[in-house]
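Asks: here are the coordinates; sequence isn't available:
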């Protein structure tokens, strides 16, 4: 295990920065980075950073979701509700409203699905859905078997396509 070397002058500067802007959480970020790198690796730290940006900072895009490996992807969304549907259901394309309210039951009704879309509160694979005419197909798959639905700011759902 690597030994921790503390630079007290740097620590003092960081404490002063923290005291000026505690809401930026500079000390917490540095501590999290140092511990993750020390225990795991820099590569694992960068993966964790990317994962937290996707989940908490809304910085993810369909492209970033597609670039992370499947294990990291599943780790990031391990606690979210999951649905499973057959690939046959989306091979010939399915309307987003039917997908959300009939196939996955993310929404209780088609009307609720439409209201979320109209209000700008729905994303699929991090892309804002602004029309109820959108079709879901195999082109939407992440890692060839997942679709991520975001309902509002913090409610995620993972659909496993088998």
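Replies: Thanks, I have it. Being a predicted model, the structure only gives us computed values, none of them experimental.
Asks: quick one, strands of this protein?
Replies: Shown for the chain, the strands assigned by DSSP state E span residues 82-85, 94-95, 122-124, 127-128, 135-136, 146-151, 155-161.
Asks: reformat the ones you listed as CSV; add distance to residue 14 and mean neighbour count.
Replies: Placement of C-beta: from N, CA and C, glycine included. Rendered in CSV, the data for those read as follows (distance: least, C-beta to C-beta, whole Å; neighbours: other C-beta atoms under 10 Å):
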stretch, distance to residue 14, mean neighbour count
strand 82-85, 40, 14
strand 94-95, 52, 17
strand 122-124, 36, 21
strand 127-128, 37, 13
strand 135-136, 47, 20
strand 146-151, 34, 21
strand 155-161, 33, 18
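Asks: want to throw these into a markdown table with distance to residue 52 and mean pLDDT?
Replies: Output for these, formatted as a markdown table (distance: least, C-beta to C-beta, whole Å; pLDDT from 0 to 100):
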| stretch | distance to residue 52 | mean pLDDT |
| --- | --- | --- |
| strand 82-85 | 20 | 97 |
| strand 94-95 | 32 | 97 |
| strand 122-124 | 17 | 96 |
| strand 127-128 | 20 | 94 |
| strand 135-136 | 27 | 97 |
| strand 146-151 | 15 | 96 |
| strand 155-161 | 14 | 96 |
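Asks: distance to residue 106 for those - can I get that in CSV?
Replies: Below are the strands of the chain laid out as CSV (distance: least, C-beta to C-beta, whole Å):
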stretch, distance to residue 106
strand 82-85, 7
strand 94-95, 13
strand 122-124, 9
strand 127-128, 16
strand 135-136, 12
strand 146-151, 6
strand 155-161, 5
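Asks: out of these, nearest to residue 50?
Replies: Using C-beta to C-beta as the criterion, the shortest distance between residue 50 and the strands of the chain is 14.7 Å, found for strand 146-151.
Asks: on contacts alone, who are the packing partners of that closest one?
Replies: Contact here means 3 or more C-beta pairs under 8 Å, 6 or more residues apart in numbering; DSSP states H and E; on that basis strand 146-151 packs against strand 122-124, strand 155-161.
Asks: alright, I will stop here.
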